[in-house]
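Undergrad: Got a predicted structure plus its sequence, pasted below:
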Amino acid sequence: MYLAAVRIDAGKFGPLALLAYESMRSPDPFDRRRWADTLLLLDRYEEAERLLAAIDDKPSRSFVAHSLSRAVLGLGRQKKP
C-alpha cells in the first residue's frame, strides 16, 4: 500500500494505505515504519513521530532513525548548526 501511495498519488492512495495499516491487529516493526512513512507523505508529522519513537527493533534502527529525522524536519525542530 505504501508503494501505491508513493508512486501513484499520495493524496488519493495515502488515506487508503492508512486504513490498511490501521486495520492490522499486530503490525511488526516494518509495518509500523511503513505506516509512519505514509503519515509523512500526508504531512502528518506528529503522528509519524509518535509511531516511530515507539519502535524498538535493533535490525531496523537505521531505517527508523531516517524516518524519524524526516518527521522532526517536517515539524521544524531540526538542530541549527
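TA: Received it, and whenever you're ready, just let me know what you need.

Undergrad: Correct me if wrong: D57 contacts V64.
TA: Yes - between D57 and V64 there is a contact at 7.1 Å, judged by Cβ atoms under 8 Å. No exception for glycine: its C-beta is placed from N, CA and C like everyone else's.

Undergrad: How about Y45: what's its closest non-neighbour residue?
TA: G74 (3.8 Å; Cβ to Cβ, 6 or more residues apart in numbering).

Undergrad: And the host helix or strand of that neighbour, what's buried?
TA: If you go by DSSP states H and E, G74 is part of helix 61-75. For helix 61-75, burial by neighbour count (16 or more other Cβ atoms under 10 Å) applies to F63, V64, S67, L68, R70, A71, V72, G74.

Undergrad: which residues sit in contact with the fifth one?
TA: Residues in contact with R70 (Cβ atoms under 8 Å, 6 or more residues apart in numbering) are L40, A48.

Undergrad: let's go with 7 Å and repeat that
TA: Contact analysis of R70 by Cβ atoms under 7 Å, 6 or more residues apart in numbering lists L40.

Undergrad: Skipping its backbone neighbours, what lies nearest E46 in space?
TA: Nearest to E46 is L75, by Cβ to Cβ, 6+ apart, at 6.8 Å.
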